[in-house]
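Undergrad: Need coordinates for the following:
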Amino acid sequence: MHIAHQVIVRPATRVRGILRVPGDKSISHRYALLAGIADGETRIHNYAPGGDCASTLACLQALGVTITRVEPVSRGAAAVVVIRGRGLRGLTAPAKPLDCGNSGSTMRMLAGIVAAHAFESTLIGDRSLSRRPMRRIIAPLTLMGARFEAADDRPPLLIHGSDLRGIAFVPEVPSAQVKSAVLLAGLQASGQTQVTERVATRDHTERALEAFGASLTRDIDTCTLAGGQRLRGIEAHVPGDISSAAFAAAAAAGLAGSDVSIEGVGLNPSRSALIDVLRRFGALVDVEQTDVRQQERVGRIRVRGQGLTSLELGADIVPAIIDELPVLAVLATAGGELRVTGASELRVKESDRITALVNGLRVLGADAEELPDGFHVRGGRQLGGGVVQAHDDHRLAMAFAIAGLLASAPVIIEGASAAAVSYPSFFDDLERLRA
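TA: Residues are numbered from 1 along each chain as shown. Sure thing, here's the model as predicted:
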């Protein structure tokens, strides 16, 4: 679905309706990567439709994995992605660089897989991804036995794969992608691999490994995995992406009289901190679990707006809501106040999300302040209209769209097409919610 480079979002009095968001991006990446090294066939229903997850499939195909798409019979349903796995350490050497596009998830987690294969592979990305730091995966994978060549520890990454050995690893920065890269490498290594987190991050990889037949142990902060376990193909169902649902939820929370229900969305406890944050912010949020698929909880979230309050978020919760912080900042302009610290990770996403976010909000008239590791937004006055830059960042493009709904005049988003990375139907869905 095509999204124009420039999109105009006009103010709304309220939003109402029932919505289904695309398949979870984080889970889609992991199911595809595990399917690629599993034995047999995996069928993935509701695979995320955006550009990032397409990059993961393209890289797997370049590594010899057979992937087909079965188009849906019913209108509006998602295609089923069918992946014929090559087995543990069964990938073939790529004939050209593996293009990860804009996807840091693809690059970091794929590095953990190809590092265990006895061939060279080069991982490249677009201009934005080429600026993002990769030292955090290079260090542990090097300890396991792989060898990297990367200028300033940034892409492109030339990886010399080899027989790996398990390690005990404590990430310096809380990151589910880093944890996943080490676990995926550890699955193919000799001995045991152990990852201990100082701050818990999303656990989709651990759940997915178990769904594909691996055995691992988890306690409060440590995951231990024995190498050499073979995976089996499965019938997988991806729940709706709660990070994508956050935008409609924020719009409902910020506009009094709104009532939005998001169905079929993932309710994984390591991702659902957003629900508690919205409640603490003042929104009415009801949650109903309706299913469990591959150990992932699925259900319905209903959000109603009734006025906002003040909120402080620190390093203890930031990793659990890192993707939702931009739209929460926008929500604060609707009469609340939000101070976020411990979020320096935002500076090395698709853009420097702290600087770009605060600058964009100021253009629209917000009382917003940039902090070294976060931001402070005071919602004392309604946003006005204006032109904001998304900086090729999908989450900024969508957050500024919510700003357009909350503002008193139209907001013009330059670089709005970046939303297609994770949510190609975003602007159409947003318009359908106008009451």
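Undergrad: Is E370 in contact with T355, as I believe?
TA: Yes. Look at E370 against T355 with CB atoms under 8 Å: they come within range, at 6.2 Å. Quick note: C-beta positions are derived from backbone N, CA and C, even for glycine.
Undergrad: what do those two both touch?
TA: By CB atoms under 8 Å, 6 or more residues apart in numbering, E370 and T355 have no common neighbours.
Undergrad: So, low pLDDT: which residues of the protein?
TA: Across the chain, the ranges flagged by pLDDT under 70 are 1, 74-76, 435.
Undergrad: For T341, give me its contacts.
TA: E312, L313, G314, A315, L371, D373, G374.
Undergrad: Filter the residues you listed down to the buried ones and express that as a PyMOL selection.
TA: The following PyMOL line selects those of the contacts of T341 that are buried, judged by 16 or more other CB atoms under 10 Å:
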select buried, resi 313+315+373+374
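Undergrad: What is the nearest of the contacts of T341 to E431?
TA: Using CB to CB, L313 comes nearest to E431 of the contacts of T341, at 30.2 Å.
Undergrad: Name the helix or strand for the residue nearest to the spatial centre of the chain, please.
TA: The centroid of the chain falls nearest to S26 when counting by CA atoms, centre = their mean (5.0 Å). Assessed by DSSP states H and E, S26 sits inside helix 25-36.
Undergrad: just checking, what packs against that helix?
TA: With contacts taken as 3 or more CB pairs under 8 Å, 6 or more residues apart in numbering; DSSP states H and E, helix 25-36 sits against strand 41-45, helix 51-62, strand 80-84, helix 104-114, helix 176-187, helix 204-211, helix 242-254.
Undergrad: do you know which of the ones you listed lies nearest R280?
TA: Nearest of the helices and strands packed on helix 25-36 to R280, taken as CB to CB: helix 242-254 at 11.1 Å.
Undergrad: How about A329, nearest residue that isn't a chain neighbour?
TA: Closest residue to A329 apart from its sequence neighbours, by CB to CB, 6 or more residues apart in numbering: V377 at 5.1 Å.
Undergrad: Identify the bridge partners of the one you found.
TA: For V377, the beta-bridge partners are L338, A368 (DSSP bridges).
Undergrad: What separation is there between it and E370?
TA: 10 Å (CB to CB, to the nearest Å).
Undergrad: cool, and G380?
TA: 18 Å.
Undergrad: Show me which of the two is the more surrounded one.
TA: E370 (15 against 10; other CB atoms under 10 Å).
Undergrad: Just say helix, strand or coil for that one.
TA: strand (DSSP: H, G, I helix; E, B strand; the rest coil).
Undergrad: Now do the contacts for it.
TA: Counting by CB under 8 Å, 6+ apart, E370 makes contact with I354, T355, V358.
Undergrad: how about the last one, what does it touch?
TA: For V358, the residues meeting the contact criterion (CB under 8 Å, 6+ apart) are A368, E369, E370, F375.
Undergrad: out of these, which are buried?
TA: Using 16+ other CB under 10 Å as the burial test, those include A368, F375 as buried.
Undergrad: Walk me through the domains of the protein.
TA: What automatic domain parsing lists as the domains of the chain is 6-22+239-432, 25-237.
Undergrad: Might you calculate how far the last one sits from the centre of the chain?
TA: Read it as domain 25-237. A distance of 14 Å separates the centroid of the chain from that of domain 25-237, by CA atoms, centre = their mean, to the nearest Å.
Undergrad: and the end-to-end length of it?
TA: Here the two ends of domain 25-237 are set 12 Å apart, with distance taken as CA to CA, to the nearest Å.
Undergrad: Next, count neighbours for Q229.
TA: Number of residues near Q229 (other CB under 10 Å) recorded here: 16.
Undergrad: mind checking the backbone torsions on it?
TA: In terms of degrees, to the nearest 10, the main-chain angles of Q229 are phi -80, psi 130.
Undergrad: Which element, helix or strand, includes the closest residue to S55 other than its chain neighbours?
TA: In space, and not counting its chain neighbours, S55 is closest to G101: 3.9 Å by CB to CB, 6+ apart. Under the criterion of DSSP H and E, G101 resides outside all helices and strands.
Undergrad: these two touch, right, G101 and D52?
TA: Yes. Assessed by CB under 8 Å, G101 is found in contact with D52 at 6.8 Å.
Undergrad: ok but V292 is inside a strand, no?
TA: Yes. Assessed with three-state DSSP, V292 lies in a strand.
Undergrad: Show me which of G101 and D52 is the more surrounded one.
TA: Using other CB under 10 Å, the more surrounded residue of G101 and D52 is D52, with 24 against 21.
Undergrad: Distance check, that one against V170.
TA: Distance from D52 to V170, by CB to CB: 28 Å.
Undergrad: do the same with L57
TA: Distance of L57 to V170, computed by CB to CB: 32 Å.
Undergrad: okay, these two: which has more neighbours?
TA: Set side by side, L57 and V170 show more neighbours around L57, with 23 against 12, by other CB under 10 Å.
Undergrad: K96 and T355, how far apart?
TA: The gap separating K96 from T355 is 35 Å, by CB to CB.
Undergrad: still on that earlier bit, A150: which of the helices and strands packed on helix 25-36 is closest?
TA: Using CB to CB, those put helix 104-114 closest to A150, at 10.2 Å.
Undergrad: quick one: strands adjacent to the next helix or strand after that closest one?
TA: Next along the chain after helix 104-114, taking DSSP H and E as the criterion, comes strand 120-124. Using DSSP bridges, the strands paired with strand 120-124 are strand 98-99 (parallel), strand 157-160 (antiparallel).
Undergrad: Could you dump those into a markdown table with distance to R297 and mean neighbour count added?
TA: A markdown table is the format used below for these (distance: least, CB to CB, whole Å; neighbours: other CB atoms under 10 Å):
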| stretch | distance to R297 | mean neighbour count |
| --- | --- | --- |
| strand 98-99 | 33 | 22 |
| strand 157-160 | 35 | 21 |
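Undergrad: And the ones you listed: which comes nearest S425?
TA: Shortest distance between S425 and the strands paired with strand 120-124, using CB to CB, is found for strand 98-99: 24.3 Å.
Undergrad: Would you state the helices of the stretch 301-435 of the chain in chain order?
TA: For the stretch 301-435 of the chain, the helices defined by DSSP state H, counting those that start in this stretch occupy 325-332, 353-363, 394-406, 426-432.
Undergrad: any idea how far the second one is from the chain center?
TA: Distance of helix 353-363 from the chain centroid (CA atoms, centre = their mean) equals 21 Å.
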